[in-house]
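Enquirer: output the structure for:
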Amino acid sequence: MKGADMMKAADSRRQRHKWIVRLGLSAMSLLLCCTGCAGSTASVQVAQSGDNAESSNTAAPGPQIGLVFDSFVIERWERDRDVFNTTATQLGASVLVGNANGDVQEQISIINHMIDIQVDVLVIIAVDGSKLTDCVNRAHRQGIAVIAYDRMILGSLTDLYISFDNETVGRYMAEVINASLPTGGRYLKINGPDIDYNVTLINQGFDQTIRSDLELIDQTACQDWNDEEAFVYLTEHPDDLSQSDAIMCGNDSLAGQAVRALAERQRAGAVVVTGQDADLEACQRIVESTQTMTVYKPIDELAARAAEYAVKLAEGRDLRVTDTLTAAGLTVPYVSIQPVKVTRDNLDRVIIDGGFHLREDVYLHQS
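Expert: Next comes the predicted model:
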């Protein structure tokens, strides 16, 4: 099934069966996503303190997968969730979704709760990949497999790390800046949080590729991917902003704030701005020539394959993954999905013809 069809199936299933149940566990939010026959029901009972919590699910028997998000601040994560859930349920599994709202301690609490109710597999989008070692080790002691989704979990031997080639993402950004700037050009870096290992990998790819004659003016890190921090930083560094020929942004939300700051100084479109994720607004900005490029990451493929691997792990099957990645002295099985550089030249072909966004949405602001 194609990604677009998966999304439609998920929307239809939500309307027909009402299979999302919202819960509270202290400050955290859990969702039990279950599908089955038309008469199936799903319920979760959670103690307020988190102690003696129990889950009951009368949907069709099958593996239960815990899918724990950093947050849903970044536009793409809801799509990851829906495609993952659709794929997993088609394979006979149920999915318990947790949202940590960017708080690592909340994420630890959610993970521990899922271990307590004995999910079969944990799939984690880490808030801070260096702080989950004890959780992963505890899960393994309970016989629960762990997949690091999109962000590596450091200090623990997860059963799989599946992500995009993040060094290539950084390399693509540098290539566009290299091709656009004159000798001696100057650029700024607006990164995501230091605790996200993907930021490290993106910068490795960028720094290895950027031309040596170009000057880095300054750089900053936006914690929790808070894009308002990017705007505040650029506003507080007007001289750096006025002298920059390019702004390397860690994702499209940060790029949007860079364009906003440039627009206030009548420089939007005069400065190269890069991003990643192919958010709808970023694609609109590329059409308007205020953002130069983004990186399309086939989210539907990533989420669907992660769900397939999670079900295989739950069923005790061999993943048949031969590639590995080593970080912080540990080597883990690694599945890498290739991203695509998107500029005005190939936007229609990659984004619209590929079904990621609709033409009328991408060209919404065009007369």
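Enquirer: list the buried residues of stretch 359-367.
Expert: 362, 363 (16 or more other CB atoms under 10 Å). In this view, the C-beta of every residue, glycine as well, is placed from N, C-alpha and C.
Enquirer: any idea how far that stretch is from the middle of the chain?
Expert: With CA atoms, centre = their mean, to the nearest Å as the basis, stretch 359-367 stands 25 Å off its chain's centre.
Enquirer: now swap in stretch 252-269 and tell me
Expert: On CA atoms, centre = their mean, the centre of stretch 252-269 falls 23 Å from that of its chain.
Enquirer: so that it lines up with my notes, have the first residue be 336 from now on.
Expert: That works, and once the first residue is 336, the last one we named lands at stretch 587-604.
Enquirer: may I have it as PDB, with CA atoms only?
Expert: Output in PDB follows, covering the C-alpha atoms of stretch 587-604 (Å, rounded to 0.1, in the frame of the first residue of the first chain):
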ATOM      1  CA  ASP A 587      12.200  23.700   8.000                       C
ATOM      2  CA  SER A 588      10.600  25.200  11.100                       C
ATOM      3  CA  LEU A 589      13.900  26.900  11.900                       C
ATOM      4  CA  ALA A 590      14.200  27.900   8.300                       C
ATOM      5  CA  GLY A 591      10.800  29.500   8.500                       C
ATOM      6  CA  GLN A 592      11.900  31.700  11.400                       C
ATOM      7  CA  ALA A 593      15.100  32.600   9.500                       C
ATOM      8  CA  VAL A 594      13.000  33.700   6.500                       C
ATOM      9  CA  ARG A 595      10.800  35.700   8.900                       C
ATOM     10  CA  ALA A 596      13.800  37.500  10.400                       C
ATOM     11  CA  LEU A 597      15.100  38.200   6.900                       C
ATOM     12  CA  ALA A 598      11.700  39.500   5.700                       C
ATOM     13  CA  GLU A 599      11.700  42.100   8.500                       C
ATOM     14  CA  ARG A 600      14.900  43.400   7.000                       C
ATOM     15  CA  GLN A 601      13.700  43.200   3.400                       C
ATOM     16  CA  ARG A 602      16.300  40.500   2.700                       C
ATOM     17  CA  ALA A 603      14.000  37.400   2.200                       C
ATOM     18  CA  GLY A 604      15.000  35.800  -1.100                       C
END
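Enquirer: what's it in contact with?
Expert: Stretch 587-604 is contacted from outside by 408-410, 525, 527, 557, 560, 562-563, 565-566, 569-570, 573, 576-577, 582, 584, 605-606, 608-614, 616-617, 620, 623-626, 629, using CB atoms under 8 Å, 6 or more residues apart in numbering.
Enquirer: now residue 502. Nearest residue, chain neighbours left out?
Expert: Leaving aside its chain neighbours, residue 502 sits nearest to residue 540 (3.5 Å; criterion: CB to CB, 6 or more residues apart in numbering).
Enquirer: wait, is that neighbour part of a strand?
Expert: No. Applying DSSP: H, G, I helix; E, B strand; the rest coil, one finds residue 540 to be helix, outside a strand.
Enquirer: which ChimeraX command selects the buried ones in the contacts of stretch 587-604?
Expert: Applying 16+ other CB under 10 Å to the contacts of stretch 587-604, the buried members can be selected in ChimeraX as follows:
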select :409,410,525,527,557,560,562,565,566,569,576,582,584,606,608,609,610,611,612,613,614,616,617,620,625,626,629
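Enquirer: out of the contacts of stretch 587-604, which sit inside strands?
Expert: Here DSSP state E is the test, and the contacts of stretch 587-604 give 525, 582, 584, 608, 609, 629 as lying in strands.
Enquirer: how much space between residue 496 and residue 432?
Expert: Remark: distance between residue 496 and residue 432 (CB to CB, to the nearest Å) = 20 Å.
Enquirer: these two: who's more crowded?
Expert: Using other CB atoms under 10 Å, the more surrounded residue of residue 496 and residue 432 is residue 496, with 25 against 20.
Enquirer: so that one bridges to which residues?
Expert: Residue 496 forms beta bridges with residue 483, residue 669, as assigned by DSSP bridges.
Enquirer: cool, thanks, signing off.
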